[in-house]
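In: no FASTA, just this:
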């Protein structure tokens, strides 16, 4: 249960950081946001929510790749 709580906290932080104007971000700020998003991905991956997201993205990619041919 702790993993989900940390993941929710990181998701909130990501949303708040991405709402800021692009001009106000430094390179270090952008790198920090990338690290937070990667950590969120690592925390979500083994959970049922993460597996659902992976399944959805897999189906979406398969649909796009089939429609392009």
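Out: Perfect, I can see it now. Here the structure is a predicted model, which is why all the values come from computation and not from measurement.
In: Which neighbouring elements make contact with the helix-or-strand element of the chain with minimal mean pLDDT?
Out: Sorting the helices and strands of the chain by mean pLDDT, DSSP states H and E puts helix 2-18 at the bottom, at a mean of 79. Counting contacts by 3 or more CB pairs under 8 Å, 6 or more residues apart in numbering; DSSP states H and E, helix 2-18 packs against helix 27-44. (Each C-beta comes from the backbone N, C-alpha and C, glycine too.)
In: Please name every helix or strand in contact with the helix it packs on.
Out: Short answer (3+ CB pairs under 8 Å, 6+ apart): helix 27-44 packs on helix 2-18, helix 48-67.
In: Now do the longest one against helix 2-18, angle only.
Out: Counting by axes from the mean of the first three to the mean of the last three CA atoms, to 10 degrees, helix 48-67 points 60 degrees away from the direction of helix 2-18.
In: Give the buried residues for helix 48-67.
Out: Residues of helix 48-67 classed as buried: residue 50 (neighbour count, 16 or more other CB atoms under 10 Å).
In: Likewise for stretch 35-46?
Out: Here stretch 35-46 shows 37, 40, 43-44 as buried, counting by 16+ other CB under 10 Å.
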